[in-house]
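*Asks:* give me a 3D structure for the following:
(2 chains)
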Amino acid sequence: MTDLAVEVVGLVKSYSGVRAVDDLSLAVPPDQVTALLGPNGAGKTTAIEICEGFRRQDGGLVRVLGLDPRRDGRRLRPRVGVMLQDGGAYPSARAGEMLRLLAAHSAHPLDPALLLDALGLATCARTAYRRLSGGQRQRLSFALAIVGRPELVFLDEPTAGLDVQARRLTWEMIELLRESGVTVVLTTHAMDEAERLADSVVIIDRGQVIAAGTPAELTRGGAEGQLRFRAAPALDIDQLRLALPTSARVTERTSGQYLVEGQIDPQLLATVTAWCASNGVLPEDLRVEQRSLEDVFIDLTGSELRA
Amino acid sequence: MTASSWRPGLADRRRLPAVAELRPAPGAAPLSRMLAAQALLELRLTLRRGESILLTLIIPVGLLAFFTSVDVVAVDGDRVDFLVPGVLALAVMSSAFTGLAIATGYERAYGVLKRLGASPLPRSILLAGKILAVLAVEALQVLMLVAVGFALGWNPHGPAVPAIAAVALLVLLGTAAFAGLGLLLAGTLRAEATLAAANGLWVVFLLLGGVIFPLSRLPEGLQTLGKALPTAALSDALRSVLEAGTGLPVGDVAVLVAWAAAGLSLAALTFRWE
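*Replies:* Presented below is the predicted three-dimensional model:
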């Protein structure tokens, strides 16, 4: 037995010769929110579906609550809640019927009516699943995952496609779950979600873990400050480099987005604005800040779009 | 749990669960509760789908009424006495094969089976729930067809009690044979292919099944093929019981048992849940 809620060591899974998960290891502590963060196609869903027992790995060890998700599925399923990325309900079943069905599978379920209310679904309890909006389906799917009062829940992109309010509401519920002692593993490609919710973040790319830690640990990576601003693209930044101390680095991250990294002090700020003035440029969105999780992510995974 | 222990949410009238309510309390429900919940929902959904009402109730009753009233097919003996057992076999096939296959195929495509497979529900209970719902629909079909049959002058032969027991046994056997075949399609083909195959085979089984005209009207080769299929075995056996009053024919029962054994075990081996 292990004290970890989920333990994955050296996980490998290929689909027709392509490695979706490539020697991935994870350690999820209990009673926390762990976010698997990564671009589309990074292998997050594959990894999580192996932990849920839906797929068999080609290699590596997986332990969920100390059990083997495939061999011990029957013992594990009552203890684990699963939110699929999409679908998962009878198309003609009403939202309330579907939730009551899942509640009837568990010994001590939450009250379905109250859960619908908490997720803002009370008004569509009698609406057929196929007539629910995308956001309503997402929230129903979330409710289906937690109605059986599991000790561990896997949420695959719980807020994908949600509007701002529904997203906040889902966040609120995830925070409540955590306070209640439920271990939460979620996947997301939204940095702010991981930053806001997660006790620990695991960044996954091309089937591998490329960084892991608390959001603070990950963003502390660059202990120095940053100064960023927006201006016309392709300004002559060499000139600015000459004016700044040699320890400072200047880059144009994406077209028209400039970033100065280094010891950000009043003197440096004055130098940057003076350079802007001499170029007749008004910097917009000028701000001094710490690295965000997004910077860490872009630094680690590269900024190019993936097919 | 009481509603009062849930506290109001932020900035709206939603009530959020108290932390204590969400505290983990895992555990599977008793199997009987799961089975009842599955069977009742499956039954409600079947009766809610217009196409399944058409397939399982309207078409069989319509065929019985039409071919009883219109003299287009020559049968030996009284038309309604011939037709009631045949249409009963068709009704069982419509529910346990075509209806079950199409619904299950789409549930697989929509991830319903995957979702339910991640809950404490054992797969055997999921399937048992489906079969119970099919049996409940069949009970409704039998009641309607028997009522319409009597209204059209149907006159079953032989003593009532053994006949009812024999019909019940044959319906169960037929259900097992057709459900095995339906689940075999639904568990291996895409949903669209299952839809096409289940409807296509429904027509083939109807034509080669001795449902509205006797197999003896078909050419020799088709007769032999028809006799090996479950629909003809079921319609012939029901006719022996209800029209001839001669009890269960061993040959037909053997055909049904063979289809049930082959279909269910192949389905169990090949069924893919997603």
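
*Asks:* ok, now how distant is the most centrally placed residue in chain B from chain A?
*Replies:* The centroid of chain B falls nearest to B:A96 when counting by CA atoms, centre = their mean (2.0 Å). Distance from B:A96 to chain A, counting by CB to the nearest CB, to the nearest Å: 19 Å. From N, CA and C alone the C-beta is placed, and that goes for glycine too.

*Asks:* wait, what's in contact with that residue?
*Replies:* Contact analysis of B:A96 by CB atoms under 8 Å, 6 or more residues apart in numbering or on different chains lists B:134, B:138, B:174-175, B:177-179, B:182.

*Asks:* the strands in the stretch 151-300 of chain A, which residues?
*Replies:* With DSSP state E, counting those that start in this stretch as the criterion, the stretch 151-300 of chain A has strands at A:152-156, A:183-188, A:200-205, A:208-213, A:225-230, A:249-254, A:257-262, A:284-289.

*Asks:* now tabulate these in TSV and tack on mean neighbour count.
*Replies:* Output for these, formatted as TSV (neighbours: other CB atoms under 10 Å in any protein chain shown):
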stretch	mean neighbour count
strand A:152-156	24
strand A:183-188	25
strand A:200-205	23
strand A:208-213	17
strand A:225-230	18
strand A:249-254	14
strand A:257-262	18
strand A:284-289	12
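
*Asks:* put together CSV for these, with distance to B:G245 and mean pLDDT on each row.
*Replies:* Converted to CSV, the strands of the stretch 151-300 of chain A look like this (distance: least, CB to CB, whole Å; pLDDT from 0 to 100):
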stretch, distance to B:G245, mean pLDDT
strand A:152-156, 60, 96
strand A:183-188, 65, 95
strand A:200-205, 71, 92
strand A:208-213, 74, 90
strand A:225-230, 92, 86
strand A:249-254, 86, 88
strand A:257-262, 89, 88
strand A:284-289, 91, 84
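
*Asks:* does A:F229 touch A:D285 like I think?
*Replies:* Yes: using CB atoms under 8 Å, A:F229 is in contact with A:D285, at 6.0 Å.

*Asks:* on that earlier part again, among the contacts of B:A96, which one sits closest to chain A?
*Replies:* The shortest approach to chain A among the contacts of B:A96 belongs to B:V134, at 15.6 Å (CB to the nearest CB).

*Asks:* the closest one and B:S95 touch, don't they?
*Replies:* Yes: using CB under 8 Å, B:V134 is in contact with B:S95, at 5.1 Å.

*Asks:* who touches both of these two?
*Replies:* Contacts common to B:V134 and B:S95, judged by CB under 8 Å, 6+ apart, are B:T175.

*Asks:* tell me which of those two has more neighbours.
*Replies:* B:S95 (30 against 26; other CB atoms under 10 Å in any protein chain shown).

*Asks:* any idea how far the more buried one is from B:A147?
*Replies:* Per CB to CB, to the nearest Å, B:S95 is found 17 Å from B:A147.

*Asks:* what's the host helix or strand of B:A91 packed up against?
*Replies:* Assigned by DSSP states H and E, B:A91 belongs to helix B:79-93. With contacts defined as 3 or more CB pairs under 8 Å, 6 or more residues apart in numbering or on different chains; DSSP states H and E, helix B:79-93 has these neighbours: helix B:59-69, helix B:123-151, helix B:160-188, helix B:191-207, helix B:230-239.

*Asks:* save those helices as JSON lines, and put in mean pLDDT and distance to chain A too.
*Replies:* Below are those laid out as JSON lines (pLDDT from 0 to 100; distance: least, CB to the nearest CB, whole Å):
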{"stretch": "helix B:59-69", "mean pLDDT": "95", "distance to chain A": "20"}
{"stretch": "helix B:123-151", "mean pLDDT": "96", "distance to chain A": "9"}
{"stretch": "helix B:160-188", "mean pLDDT": "95", "distance to chain A": "14"}
{"stretch": "helix B:191-207", "mean pLDDT": "96", "distance to chain A": "11"}
{"stretch": "helix B:230-239", "mean pLDDT": "96", "distance to chain A": "28"}
